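Novice: heads up, no residue letters with this:
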């Protein structure tokens with residue numbers, strides 16, 4: 001947590017004109033306005049915008065160049081920018097990286113299709129929307145929101161086409177599940193970043209994410225059923241044809257791989273046994289193995305393992321006295337270890353055992369990390385912003401003002417995150433900015449880990465409110481499912497607002513007794 005400490009008084013910058021708390025509050029207000037202008041009007045990349053605003057706020061609050069950047073020569077001076085960036089990424093980068101690779105293996109192996117097919121079979125045609133909702137909820141735990149849409153959209157098209165009903169009945173429950181896990185549960189960037197900024201154990205984030213997220217997604221499903229029965233949107237024919245064409249291309253590729261298996265060429269790596277110099281028949285075996293559907297139990301085991309291990313480690317300190325057993329549980333339940341275990345399980349159960357080569361595993365893992373750079377830079381810049389707010393005294397001034405307002409911190413956290421989200425569209429920016437602002441308020445009351453986790457749930461809930469035209473997710477939903485802008489506002493935007501308000505309401509109620 002960013003602890004509230006004694007900050008040396010600064011008199012430079014804007015404080016030379018407006019000294020004291022008034023000057024610090026003015027710096028904070030101008031900094032947030034500048035951030036919104038840079039992102040919304042100038043369309044500056046959020047990482048660059050956050051970094052620029054952090055420097056501007058620091059200089060405006062009277063910080064010296066040495067305090068902000070350190071010195072060229074070796075000295076005891078600590079750079080706020082370096083410590084802020086490194087402090088958060090040292091924890092977050094590993095978790096997001098491992099989680100991203102895990103999601104990619106589940107995606108490419110066909111785990112999503114196996115999950116949805118089994119659930120559709122269990123619930124039947126009439127309860128297809130519920131099956132799609134559960135698919136989004138479960139598959140959304142290890143994969144990013146946009147990846148979930150990309151993978152599950154063809155399944156939604158097929159289900160809606162088969163039933164002849166509005167595609168909203170099937171895509172909205174699925175989107176609610178994906179959005180809930182993306183907002184409330186690790187290893188997604190938002191809750192992980194907030195946990196790092198406020199120093200909260202991920203076990204508490206998982207627990208409170210489930211407590212707040214499940215009622216929220218149920219409320220969103222109820223709205224999805226209501227709007228889906230009142231607003232008919234046909235399956236987009238072009239997207240349906242594209243999905244079918246992609247399936248044909250994949251099938252043709254597999255057939256081609258199979259025919260190549262008649263030769264005795266020297267492959268690069270063996271597939272099932274880990275040897276080198278695999279033959280053409282090994283390539284045929286890999287293609288055949290890829291045809292085998294993934295077992296539902298395998299998917300659930302891989303997704304559930306890290307969650308169970310992290311929860312066990314978090315609560316072992318409450319249930320067990322110091323012992324070797326407790327040390328082992330805490331070791332395997334550390335997020336770094338738990339996610340590594342799950343990733344290795346996925347490598348074997350979904351990859352090597354089903355005929356993947358080691359080169360294929362490496363290629364999928366490496367490719368999955370390419371989109372992560374932007375996320376990590378934004379999260380790191382949020383850590384810089386929080387460090388500058390704290391070191392300059394701006395955060396403490398905000399804490400004093402918000403404390404005098406009389407509103408509970410959890411309510412303030414939700415409202416600040418909500419305003420930032422609606423104003424600039426990025427959930428990650430809303431989360432990291434809000435966490436930096438509310439950290440000193442939390443430090444004053446020395447809250448429990450459970451209460452801190454609930455505040456993070458409130459921040460996360462605010463960060464998904466009212467997705468509209470300044471949010472990339474809005475356009476992704478609109479274009480992928482062929483929904484007009486007006487209908488997207490009536491369905492997706494309201495769905496996100498229901499999810500947000502319901503999640504916050506549960507967090508606020510639980511915080512009364514925690």
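Specialist: Good, I have the coordinates. This is a predicted model, so every value here is computed, not measured.

Novice: What residues sit buried inside the longest helix seen in the chain?
Specialist: As assigned by DSSP state H, the longest helix anywhere in the chain is helix 80-108. Buried residues in helix 80-108, counting neighbours by 16 or more other Cβ atoms under 10 Å, are found at 80-81, 84-89, 91-108. Every C-beta, even on glycine, is put in place using the N, C-alpha and C of the backbone.

Novice: Following element in sequence after that helix, please.
Specialist: Sequence-wise, the next helix or strand downstream of helix 80-108 (DSSP states H and E) is helix 111-123.

Novice: Name the residues that touch whichever helix or strand comes after that following helix?
Specialist: Next helix or strand after helix 111-123 toward the C-terminus (DSSP H and E): helix 128-139. Here helix 128-139 makes contact (Cβ atoms under 8 Å, 6 or more residues apart in numbering) with 106, 111-112, 115-116, 119-120, 122-123, 148, 151-152, 155-156, 159, 163, 169-178, 180-181, 217, 221, 224-225, 228, 299-300, 303.

Novice: go on, stretch 384-395?
Specialist: 2, 4, 7, 9-10, 24-25, 27-28, 31, 50-51, 53-55, 57-58, 61-63, 67-68, 80-81, 83-85, 87-88, 197, 396, 398, 432-433, 435-437, 439-440.

Novice: Next, the residue nearest to the spatial centre of the chain: phi, psi?
Specialist: For the chain, the residue nearest the mean C-alpha position is residue 188 (2.6 Å; Cα atoms, centre = their mean). Backbone torsions of residue 188, given as degrees, to the nearest 10, read phi -70, psi 150.

Novice: check contacts around it.
Specialist: 99, 144, 181-182.

Novice: cool, residue 345 as well?
Specialist: Residue 345 touches 301-302, 305, counting by Cβ under 8 Å, 6+ apart.

Novice: Redo those as JSON lines? Include secondary structure, distance to residue 14 and neighbour count.
Specialist: Shown next, in JSON lines, are those (DSSP: H, G, I helix; E, B strand; the rest coil; distance: Cβ to Cβ, whole Å; neighbours: other Cβ atoms under 10 Å):
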{"residue": "301", "secondary structure": "helix", "distance to residue 14": "56", "neighbour count": "15"}
{"residue": "302", "secondary structure": "helix", "distance to residue 14": "53", "neighbour count": "25"}
{"residue": "305", "secondary structure": "helix", "distance to residue 14": "52", "neighbour count": "18"}
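
Novice: Including distance to residue 39 and pLDDT, could those residues go into JSON lines?
Specialist: As requested, the contacts of residue 345 are arranged in JSON lines below (distance: Cβ to Cβ, whole Å; pLDDT from 0 to 100):
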{"residue": "301", "distance to residue 39": "41", "pLDDT": "93"}
{"residue": "302", "distance to residue 39": "37", "pLDDT": "93"}
{"residue": "305", "distance to residue 39": "38", "pLDDT": "94"}
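
Novice: Closest one to residue 46 out of those residues, please.
Specialist: residue 302 (31.9 Å; Cβ to Cβ).

Novice: looking at it, the closest one is touching residue 341, isn't it?
Specialist: No. If you go by Cβ atoms under 8 Å, residue 302 and residue 341 don't touch, sitting 9.8 Å apart.

Novice: could you give the angle of the longest helix of the chain to helix 128-139?
Specialist: Interaxial angle of helix 80-108 relative to helix 128-139 (axes from the mean of the first three to the mean of the last three Cα atoms, to 10 degrees): 130 degrees.

Novice: tell me what helix 80-108 is packed against?
Specialist: Secondary-structure packing of helix 80-108 (3 or more Cβ pairs under 8 Å, 6 or more residues apart in numbering; DSSP states H and E): helix 46-60, helix 65-69, helix 145-163, helix 189-198, helix 296-319, helix 335-346, helix 358-368, helix 372-392.

Novice: of these, which approaches residue 495 most closely?
Specialist: Here helix 145-163 is closest among the helices and strands packed on helix 80-108 (Cβ to Cβ), at 13.3 Å.

Novice: Mind listing what's buried along the closest one?
Specialist: 145, 147-149, 151-160, 163.

Novice: ditto for stretch 39-54
Specialist: By neighbour count on 16+ other Cβ under 10 Å, the buried set for stretch 39-54 is 39, 44, 46-47, 49-51, 53-54.

Novice: Just name the lowest-scoring one in the contacts of residue 188, pLDDT-wise.
Specialist: Lowest pLDDT among these: residue 144, with 86.

Novice: since we're on that one, how many residues are nearby?
Specialist: For residue 144, the neighbour count with other Cβ atoms under 10 Å is 25.

Novice: sorry, back to before: list just the nearest of the buried residues of helix 145-163 to residue 407.
Specialist: residue 145 (30.3 Å).

Novice: Save the buried residues of stretch 39-54 as CSV, and put in pLDDT and distance to residue 506 too.
Specialist: Converted to CSV, the buried residues of stretch 39-54 look like this (pLDDT from 0 to 100; distance: Cβ to Cβ, whole Å):
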residue, pLDDT, distance to residue 506
39, 85, 30
44, 88, 36
46, 87, 29
47, 90, 32
49, 90, 32
50, 89, 30
51, 93, 35
53, 92, 32
54, 91, 33
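
Novice: about what we covered before: which among the contacts of stretch 384-395 end up buried?
Specialist: Buried members of the contacts of stretch 384-395, scored by 16+ other Cβ under 10 Å, are 2, 4, 7, 10, 24-25, 27-28, 31, 50-51, 53-55, 57-58, 61-63, 67-68, 80-81, 84-85, 87-88, 197, 396, 398, 432-433, 435-437, 439-440.

Novice: And the contacts of residue 188, which is closest to residue 491?
Specialist: The nearest one, if we look at these relative to residue 491 and count by Cβ to Cβ, is residue 182, at 17.9 Å.

Novice: quick one: that closest one and residue 445, what's the gap?
Specialist: 29 Å (Cβ to Cβ, to the nearest Å).

Novice: Settle it for me: which of the two has more neighbours?
Specialist: A direct count of neighbours by other Cβ under 10 Å for residue 182 and residue 445 places residue 182 higher, at 24 against 10.

Novice: can you tell me the helix or strand for the more buried one?
Specialist: helix 168-184.

Novice: helices and strands around that helix, which ones?
Specialist: helix 128-139, helix 145-163, helix 189-198, helix 202-228, helix 449-462, helix 494-513.

Novice: Now do the shortest one: distance to the chain's middle.
Specialist: I take that to be helix 189-198. Relative to its chain's centre, helix 189-198 lies at 10 Å (Cα atoms, centre = their mean, to the nearest Å).

Novice: again, but for the last one
Specialist: Between the mean C-alpha location of helix 494-513 and the chain-wide mean there is a distance of 18 Å, by Cα atoms, centre = their mean.

Novice: ok and it relative to helix 449-462, angle-wise?
Specialist: Using the same axes, to 10 degrees, helix 494-513 lies at 160 degrees relative to helix 449-462.

Novice: Give the buried residues for helix 494-513.
Specialist: Within helix 494-513, the residues that qualify as buried by neighbour count (16+ other Cβ under 10 Å) are 494-508, 510-511.

Novice: residues in contact with that helix?
Specialist: Here helix 494-513 has contacts from 172, 175-176, 179-180, 183-184, 208, 211-213, 215-217, 219-220, 223-224, 227, 408, 410-411, 414, 418, 451, 454-455, 457-458, 460-462, 464-467, using Cβ under 8 Å, 6+ apart.

Novice: one more time with 6 Å, if that's ok
Specialist: For helix 494-513, contacts defined as Cβ atoms under 6 Å, 6 or more residues apart in numbering pick out 172, 179, 212, 215-216, 219-220, 223, 410, 414, 454, 457-458, 461, 464-467.
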